[in-house]
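> coords below, sequence missing:
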């Protein structure tokens, strides 16, 4: 039987035997191989790691023509859903070999001999294992080719040299929908060099007021402009005779196929006189506010470990913000991360792998609130997908959390962790929201409504809401308000709890309480400064820690929920937050900082990371969903 036919019958015994033989023979390479084995390349892990078995591929395509050498067929196989490729050789003889070359700079240099395999025994062909074509965690994009040695070495063309999304690199700007200029033009000897972005996430460059022979091109970077090894001089073109300007073709800013979000581009030009050049600042596609924020947030997502490194509960909240984005916009580019995060992280982890504490499985950890954040994330995932597995996971989480309810201390309430030393606002606000949400999604439920009502009534009478309508952090050992810092996320969860209780019971008093909590926050100098939501650590002589960076977004998520329930009562405040974020706090890469005013300080700069990004996304989504 020809090797190709045996290889495509992936469930046959022959294929499974060949898989084993390929791995063994690849290890026991013949000493007389024509080419020396290159130094081992660093293993790349995207959704999967290099050397995955091709029998597990979700798809098999052949993006470039085969190569032929002495009657042998060398073929490149690609599975786009996996972002991986493998190579095969057919019609060969013993010790013919095949391998993958992978290049991170568009084919100028490459890691060679990846997965090199030799035809064993009486077989007439073999193939390599699969290798990643993308490295999202390290913000790199590769091209690959298949090479074979059949008494002569040949290689296929490089695959995926162009990025294809809604359209492929090389599109004509005349067909673009929309024309936005996200960064200022740059000038050079009287020339004007401009960057343009359309509504589909493609960009092009123009040069004007120039002379024949001037050049214009695009650079594309996957790591925020730090490097651009595979994206230099894209669409390079000269001003033609008799003209004073020209434009490049369009190129994509992102590569969703490779899970490379948050790419960056710039326009560059060279004057024919003086041989000098100039470039605009790096920019992303920023015409849609929520999409721009989500793209920059996804830039930091780690596909292999399926979280945002390296924070457990913050990742749950970041995931929730992405799910909120998917629900509100209908954008599906990131929908794959929902189940991927679920499947990878629902198992147990030792201390230090996902948190300083061990994760017990089902997203349960020592900290009660960390566990509850994941419960709310899976309720949000259920609302997006209607997959009952997510709702069932939220039930599992809520069942565990319920065991920490203790009426023997302070008359009730949840302990903040399994050591049972503290009762605080966030743990109990989360529990009310979680249990009321379960009731609102499980037909005929009475159990979770009972839990929610008990917890809500206890919370309201606990004393954690002070006389100003603000939520302090928790209770003293003698069950009094501890006067702890008023954080926006405590206030936000209390608002969210009240809104969900209103949905569960229809009681007007719950909606009134939600409005009281929201109004108290908005009118308080403890949480608002100059009309902007401001954490106590947002001052110019302080910096919020990694937890606090995400607090304001949580407040805005639940204020937006209340806004929807009150026909837009908070539109003005929400619009003010979104406006300041977009106009004062955003850089050219659509990254948002800790201080929504955009104020900076040499001593304590306005930090931008994925936590501040998730926080800003929730504020922009609240504005997007205004009634």
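In hand now; what should we look at? Not measured: the values here are computed from a predicted model.

> Tell me who's in contact with residue 186.
Contacts for residue 186 were tallied using Cβ atoms under 8 Å, 6 or more residues apart in numbering; they are 192, 193, 267, 269, 278, 279, 280. Any C-beta I mention is one placed from the backbone N, CA and C, and that applies to glycine too.

> Now residue 371. Nearest residue, chain neighbours left out?
Leaving out its chain neighbours, the residue that sits closest to residue 371 by Cβ to Cβ, 6 or more residues apart in numbering is residue 364, at 5.1 Å.

> what's the answer for residue 425, then?
Leaving aside its chain neighbours, residue 425 sits nearest to residue 490 (4.3 Å; criterion: Cβ to Cβ, 6+ apart).

> Tell me where the model's unsure across the stretch 1-150 of the chain.
1-40 (pLDDT under 70).

> For it, just list every one of the strands.
67-69, 72-79, 84-90, 97-103, 111-118, 126-127, 131-132, 134-135, 140-141, 143-149 (DSSP state E, counting those that start in this stretch).

> Mind listing residues that contact the helix or strand containing residue 448?
Applying DSSP states H and E as the criterion places residue 448 in helix 447-461. Outside helix 447-461, the residues that touch it by Cβ under 8 Å, 6+ apart are 398, 402, 405, 411-414, 425, 428-429, 431-432, 435-436, 438-439, 442, 465, 494, 497-498, 500-501, 504-505, 510, 513.

> Beyond it, next helix or strand please.
Per DSSP H and E, the helix or strand that comes after helix 447-461 is helix 488-505.

> who's in contact with the following helix or strand past that next one?
Toward the C-terminus, helix 488-505 is succeeded by helix 508-522 as the next helix or strand (DSSP H and E). Defining contact as Cβ under 8 Å, 6+ apart, one finds that helix 508-522 is touched by 456, 460, 465, 468-471, 488, 491, 494-495, 498-499, 501-502, 527-528, 555, 559, 562, 565-566, 569-570, 573.

> ok, and for the helix holding residue 448, which residues are buried?
For helix 447-461, burial by neighbour count (16 or more other Cβ atoms under 10 Å) applies to 448, 449, 451, 452, 453, 454, 455, 456, 458, 459, 460.

> Save those residues as JSON lines, and put in distance to residue 614 and pLDDT too.
Conversion of the buried residues of helix 447-461 to JSON lines gives the following (distance: Cβ to Cβ, whole Å; pLDDT from 0 to 100):
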{"residue": "448", "distance to residue 614": "28", "pLDDT": "98"}
{"residue": "449", "distance to residue 614": "31", "pLDDT": "98"}
{"residue": "451", "distance to residue 614": "29", "pLDDT": "98"}
{"residue": "452", "distance to residue 614": "26", "pLDDT": "98"}
{"residue": "453", "distance to residue 614": "31", "pLDDT": "98"}
{"residue": "454", "distance to residue 614": "32", "pLDDT": "98"}
{"residue": "455", "distance to residue 614": "26", "pLDDT": "98"}
{"residue": "456", "distance to residue 614": "27", "pLDDT": "98"}
{"residue": "458", "distance to residue 614": "30", "pLDDT": "98"}
{"residue": "459", "distance to residue 614": "26", "pLDDT": "98"}
{"residue": "460", "distance to residue 614": "29", "pLDDT": "98"}
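
> related to what we said a few turns ago, does the residue nearest to residue 371 touch residue 400 like I think?
Yes - between residue 364 and residue 400 there is a contact at 5.2 Å, judged by Cβ atoms under 8 Å.

> more neighbours, those two?
residue 364 (22 against 18; other Cβ atoms under 10 Å).

> how much space is there between the more buried one and residue 403?
Distance, residue 364 to residue 403, using Cβ to Cβ, to the nearest Å: 11 Å.

> residues contacting the residue nearest to residue 425?
Applying Cβ under 8 Å, 6+ apart, the residues near residue 490 are 425, 426, 429, 471, 472, 473.

> one more time with 6 Å, if that's ok
Residue 490 is in contact with 425, 426, 471, counting by Cβ atoms under 6 Å, 6 or more residues apart in numbering.

> repeat for residue 256
Contacts for residue 256 (Cβ under 6 Å, 6+ apart) come out as 165, 333.

> ditto for residue 607
Per Cβ under 6 Å, 6+ apart, neighbours of residue 607: residue 594.

> same deal with residue 135?
So residue 135 contacts residue 44 (Cβ under 6 Å, 6+ apart).

> for it, which residues make a bridge with it?
residue 140 (DSSP bridges).

> of the contacts of helix 508-522, buried ones?
With burial judged by 16+ other Cβ under 10 Å, the buried subset of the contacts of helix 508-522 is 456, 460, 465, 469-471, 488, 491, 494-495, 498-499, 501-502, 527-528, 555, 559, 562, 565-566, 569-570, 573.

> Please report how far residue 150 lies from residue 96.
In terms of Cβ to Cβ, residue 150 sits 5 Å off from residue 96.

> Sorry, slip of the keys, the one I care about is residue 287.
52 Å.

> Tell me where the stretch 251-400 of the chain has helices.
289-298, 312-329, 336-345, 368-385, 388-402 (DSSP state H, counting those that start in this stretch).
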